[in-house]
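[1] kindly return the folded structure for what I paste below:
(one chain, ligands or ions: 1)
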Amino acid sequence: MILDGKAVSEKRLEILKEEIEESGLYPRLATVIVGEDPASQMYVRMKHRACERVGIGSVGIELPADATTERVLEAVVRLNNDPDINGILVQLPLPDGVDTTRVIDAVAPEKDVDGFHPCSLGRLLAGTPVFAPCTPQGIMTILDEYNIPIRGRRAVVVGRSIDVGRPMAVLLLNADATVTICHSKTENLEEEMRRADILVSAVGKAKFVGPEMVKEGATVIDVGINQDEQGKLCGDVDFEAVKDRAGAITPVPGGVGPMTIATLMENTFRAAKLRTCDNTVR
Ligand SMILES: Nc1nc(=O)c2c([nH]1)NC[C@@H]1CN(c3ccc(C(=O)N[C@@H](CCC(=O)O)C(=O)O)cc3)C=[N+]21
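    The predicted structure follows:
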């Protein structure tokens with residue numbers, strides 16, 4: 001079975017659009033992009049387009065590639081203090097000269113719709129999340145939409161980044177999976193991966209996951225954004241070789257990516273609601 005992230009994201013965006021309409025709120029997202037990386041520009045454009053579709057206002061702040069950390073911080077602080085802005089997204093990666101940790105830490109936790117602030121990650125770890133990072137939260141949504149059982153299942157996450165691997169593992173743990181996190185120093189990686197009922201690959205290597213790493217019938221989630229030999233977008237998973245062995249699998253494109261954006265919209269609406277009902281975030 002192919003897990004159609006595009007279709008699920010469309011459905012969730014339609015529902016969200018109605019919820020926003022009924023709420024009478026006008027949520028607003030600010031994006032901050034530093035430099036002119038074409039891939040980052042494309043992602044940010046896609047986010048603005050999604051905002052427009054569901055009735056979220058959006059503003060884009062663009063800073064030059066040589067902006068200092070102080071200059072980026074200044075932009076973030078201005079957005080923190082702007083009562084018209086509910087959500088702040090600083091597009092990553094930032095240029096080498098900018099201190100990413102300081103910038104992420106500067107985002108007001110109640111506007112942290114990306115879920116990368118230590119406050120958001122800490123809440124997630126505590127089991128009381130407010131904003132979970134969009135990619136792993138979107139994966140939980142797609143698993144839920146297709147009724148893939150998680151409780152008691154063995155989940156293996158390959159990759160331990162702040163934006164995907166770590167929060168993914170915690171979300172699966174919070175849903176009562178038995179979770180293993182693998183990474184570049186893991187011994188017997190293939191053996192670990194073969195034990196997974198739910199296998200999440202967030203590695204960043206084309207054709208990294210072959211059929212020998214996948215248990216028959218497993219659910220395979222492909223978070224990779226890579227290019228194949230012809231420069232075409234492809235995930236971490238050798239899709240053609242794995243798809244018949246897997247019980248369910250996400251394609252790239254059309255899998256995890258669209259779910260990331262739909263979740264960002266949901267988080268931004270939540271930020272707008274939190275503001276009106278004075279919920280605790282900190
Ligand atoms: N602060 C921050 N937050 C992010 O959420 C964030 C980020 N920085 N930096 C980069 C990554 C990447 N990311 C994607 C979002 C959508 C697709 C997506 O929708 N992709 C389409 C294909 C688009 C294409 O044609 O290339 C798909 O998979 O079907 C992919 C990747 C968000 N990221």
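[2] now stretch 235-244: buried residues?
    Buried residues in stretch 235-244, counted by 16 or more other C-beta atoms under 10 Å: 235-239, 242-243. Bear in mind the C-beta positions are built from the backbone N, C-alpha and C, glycine included.
[3] which one of those residues sits closest to the ligand?
    residue 235 (8.3 Å; C-beta to the nearest ligand atom).
[4] how about the closest one: what's its closest non-neighbour residue?
    Nearest residue to residue 235 in three dimensions, chain neighbours excluded: residue 252, at 3.3 Å (C-beta to C-beta, 6 or more residues apart in numbering).
[5] could you give the number of residues near the one you found?
    Using other C-beta atoms under 10 Å, residue 252 is surrounded by 20 other residues.
[6] now residue 49
    11.
[7] make sure it is indeed in a strand.
    No: counting by DSSP: H, G, I helix; E, B strand; the rest coil, residue 49 falls outside a strand, being helix.
[8] state the distance from it to residue 32.
    Between residue 49 and residue 32 the distance is 17 Å, computed by C-beta to C-beta, to the nearest Å.
[9] same check on residue 168?
    In terms of C-beta to C-beta, residue 168 sits 24 Å off from residue 32.
[10] those two: which has the busier surroundings?
    residue 168 (29 against 22).
[11] so what pLDDT did the more buried one get?
    Looking at residue 168, its pLDDT reads 98.
[12] for the one 3 residues further on, same thing?
    Residue 171 is assigned 98 on the pLDDT scale.
[13] neighbours around whatever residue of the chain ends up closest to the ligand, how many?
    Using C-beta to the nearest ligand atom, the single residue of the chain nearest to the ligand is residue 257, 2.4 Å away. By other C-beta under 10 Å, the residues close to residue 257 number 24.
[14] looking at it, it is touching residue 5, isn't it?
    Yes: using C-beta atoms under 8 Å, residue 257 is in contact with residue 5, at 6.8 Å.
[15] show me what the residue lying closest to residue 111 once chain neighbours are set aside is bridged to.
    Distance criterion C-beta to C-beta, 6+ apart; nearest residue to residue 111, sequence neighbours excluded, is residue 88 at 4.6 Å. Counting by DSSP bridges, residue 88 forms beta bridges with residue 30.
[16] contacting residues for residue 88?
    29-30, 32, 76, 79-80, 107-108, 111-114 (C-beta atoms under 8 Å, 6 or more residues apart in numbering).
[17] from the contact counts, what lies against the helix or strand residue 156 falls within?
    Secondary structure from DSSP states H and E places residue 156 in strand 154-158. With contacts defined as 3 or more C-beta pairs under 8 Å, 6 or more residues apart in numbering; DSSP states H and E, the packing partners of strand 154-158 are helix 165-174, strand 178-182, helix 189-194, strand 198-201.
[18] can you list contacts of it?
    Counting by C-beta under 8 Å, 6+ apart, 165, 168-169, 172, 177-183, 189, 192-193, 195-203, 209, 236 sit against strand 154-158.
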